[in-house]
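Undergrad: heads up, no residue letters with this:
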């Protein structure tokens with residue numbers, strides 16, 4: 001990069017975000033008004049793909065296996081920046097986690113960085129990443145090699161306040177099924193093998209085990225099926241258990257204990273037990289300090305004071321990205337009336353003027369943070385090492 005050109009490129013990022021603001025806001029509103037569940041985000045993918053194609057991005061020769069994922073790039077620089085564009089919504093309550101804001105902000109950052117890619121010696125990769133709320137689509141993209149060779153990964157997440165540096169909890173979810181034998185509960189109870197009893201024993205074991213689990217552990221259980229008639233001993237019980245912990249290592253400790261609790265239910269009742277992991281295990285989020293500080297500094301330009309926090313905020317499949325690529329995942333704040341994530345009240349604010357401003361501010365902050373670190377000789381050497 002030419003001496004003194006960083007300021008010029010920063011100004012160009014601001015100009016690009018300003019020029020692209022109408023289309024970014026339109027995308028955010030379209031996603032908000034047309035939510036799609038994980039793995040079903042076909043319309044969202046099409047809308048984003050069209051904007052990226054219009055901006056000169058080209059498809060990678062190889063594409064992700066997930067039909068609603070997309071990998072495109074622009075530029076041929078030595079340093080690759082990956083912008084993760086997550087698009088899925090939640091059942092019944094739509095974009096109650098603000099992914100419409102996340103997607104539009106990440107797209108804005110990709111467009112802004114693409115416009116300076118040649119001067120900043122960047123390759124800009126845009127990944128449409130499905131199913132964050134369910135199976136963890138970013139982890140599939142990692143497994144398939146779409147983060148190979150990346151030097152920076154970034155996205156922003158909708159929130160009620162601004163922060164950067166946050167961690168997240170490692171997480172996994174299992175489904176489980178107990179199979180016993182049905183019998184009339186009055187005429188022949190001794191002939192039955194009670195699958196619901198197995199689940200009750202497992203839940204009780206889990207409740208008693210919580211005291212000995214690593215600090216910060218969260219274990220949640222729900223029973224999806226536990227019998228259909230009160231006078232028939234249940235022959236099948238289906239449920240799900242979700243486990244969270246501050247780190248992957250702590251999560252492994254939890255899963256080992258919870259597996260024994262589930263097995264205890266089967267052992268005590270003579271039921272058969274089947275355990276399945278329907279999605280991927282999420283790792284904890286670890287943000288790159290240099291990118292965080294650069295983002296804090298950039299957001300001053302937008303009139304925002306961004307707090308630096310190490311507090312864990314829920315769970316995200318971007319955590320897995322952050323363990324292999326220096327990453328930035330700030331929380332971008334807008335007015336949500338005190339509502340919490342994953343509520344209809346939070347979703348209601350997703351297309352407000354405040355949310356629209358958050359899209360633009362986050363796009364600018366992400367792009368400038370990437371530019372600042374990529375154009376610093378010491379940091380660039382670290383990233384390219």
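TA: Alright, I've got the coordinates. Bear in mind the structure is a predicted one, so any value in this text is a computation, not a measurement.
Undergrad: CA atoms for contacts and neighbours, from now on please.
TA: Noted.
Undergrad: and residue 321, what element?
TA: Taking DSSP states H and E as the criterion, residue 321 maps to helix 318-322.
Undergrad: quick one: residue 100 from residue 123, how far?
TA: Going from residue 100 to residue 123 by Cα to Cα, to the nearest Å gives 25 Å.
Undergrad: more neighbours: which of those two?
TA: More crowded of residue 100 and residue 123, by other Cα atoms under 10 Å: residue 100, with 34 against 23.
Undergrad: what's the helix holding residue 321 packed up against?
TA: Applying 3 or more Cα pairs under 8 Å, 6 or more residues apart in numbering; DSSP states H and E, one finds that helix 318-322 contacts helix 137-143.
Undergrad: which residues sit against the helix it packs on?
TA: Contacting residues not belonging to helix 137-143 are listed as 64, 129-132, 147-148, 280, 317-318, 320-321 [Cα atoms under 8 Å, 6 or more residues apart in numbering].
Undergrad: could I get the residues you listed as JSON lines with distance to residue 208 and pLDDT?
TA: Shown next, in JSON lines, are the contacts of helix 137-143 (distance: Cα to Cα, whole Å; pLDDT from 0 to 100):
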{"residue": "64", "distance to residue 208": "43", "pLDDT": "98"}
{"residue": "129", "distance to residue 208": "38", "pLDDT": "98"}
{"residue": "130", "distance to residue 208": "36", "pLDDT": "97"}
{"residue": "131", "distance to residue 208": "33", "pLDDT": "97"}
{"residue": "132", "distance to residue 208": "31", "pLDDT": "97"}
{"residue": "147", "distance to residue 208": "41", "pLDDT": "98"}
{"residue": "148", "distance to residue 208": "43", "pLDDT": "97"}
{"residue": "280", "distance to residue 208": "27", "pLDDT": "95"}
{"residue": "317", "distance to residue 208": "29", "pLDDT": "97"}
{"residue": "318", "distance to residue 208": "32", "pLDDT": "98"}
{"residue": "320", "distance to residue 208": "31", "pLDDT": "97"}
{"residue": "321", "distance to residue 208": "34", "pLDDT": "98"}
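Undergrad: just the buried ones among the residues you listed, please.
TA: Buried by 16 or more other Cα atoms under 10 Å: 64, 129-132, 147, 280, 317-318, 320-321, out of those.
Undergrad: domains of the protein?
TA: Per automatic domain parsing, the structural domains of the chain span 6-168+284-384, 170-276.
Undergrad: which stretches in this structure count as strands?
TA: 58-59, 70-74, 79-86, 122-129, 152-154, 157-159, 163-164, 170-179, 218-225, 236-245, 272-276, 307-308, 327-328, 331-333 (DSSP state E).
Undergrad: elements contacting the third one?
TA: The contact analysis (3+ Cα pairs under 8 Å, 6+ apart) places strand 79-86 against helix 99-114, strand 122-129, strand 152-154.
Undergrad: can you say which of those is packed in most?
TA: Scoring these by mean neighbour count under mean count of other Cα atoms under 10 Å gives helix 99-114 as the most buried, with a mean of 31.
Undergrad: now do that one: which elements does it pack against?
TA: Based on contacts counted as 3+ Cα pairs under 8 Å, 6+ apart, the elements that helix 99-114 packs against are helix 6-33, strand 79-86, strand 122-129, strand 157-159, helix 353-374.
Undergrad: how close does the residue of the chain most remote from its centre sit to residue 123?
TA: Centroid-distance maximum for the chain: residue 187 at 51.7 Å, with Cα atoms, centre = their mean. According to Cα to Cα, residue 187 stands 73 Å off from residue 123.
Undergrad: next, the spatially closest residue to residue 227 that is not a sequence neighbour: phi, psi?
TA: Leaving aside its chain neighbours, residue 227 sits nearest to residue 234 (4.6 Å; criterion: Cα to Cα, 6 or more residues apart in numbering). Here the main-chain torsion angles of residue 234 (degrees, to the nearest 10) amount to phi -60, psi 130.
Undergrad: count the residues that sit near residue 234.
TA: The tally of other residues near residue 234 (other Cα under 10 Å) stands at 26.
Undergrad: need the pLDDT of it.
TA: Residue 234 is assigned 96 on the pLDDT scale.
Undergrad: who's in contact with it?
TA: Residue 234 makes contact with 180-183, 193-196, 226-228 under the criterion Cα under 8 Å, 6+ apart.
Undergrad: at 7 Å instead, please
TA: 182, 194-196, 226-227 (Cα atoms under 7 Å, 6 or more residues apart in numbering).
Undergrad: thinking again about what came up before, distance of the residue farthest from the centre of the chain from residue 317?
TA: Distance from residue 187 to residue 317, by Cα to Cα: 51 Å.
Undergrad: can you give me the buried ones in stretch 250-258?
TA: For stretch 250-258, the buried set under the neighbour-count rule, 16+ other Cα under 10 Å, comprises 250-252, 254-255, 257-258.
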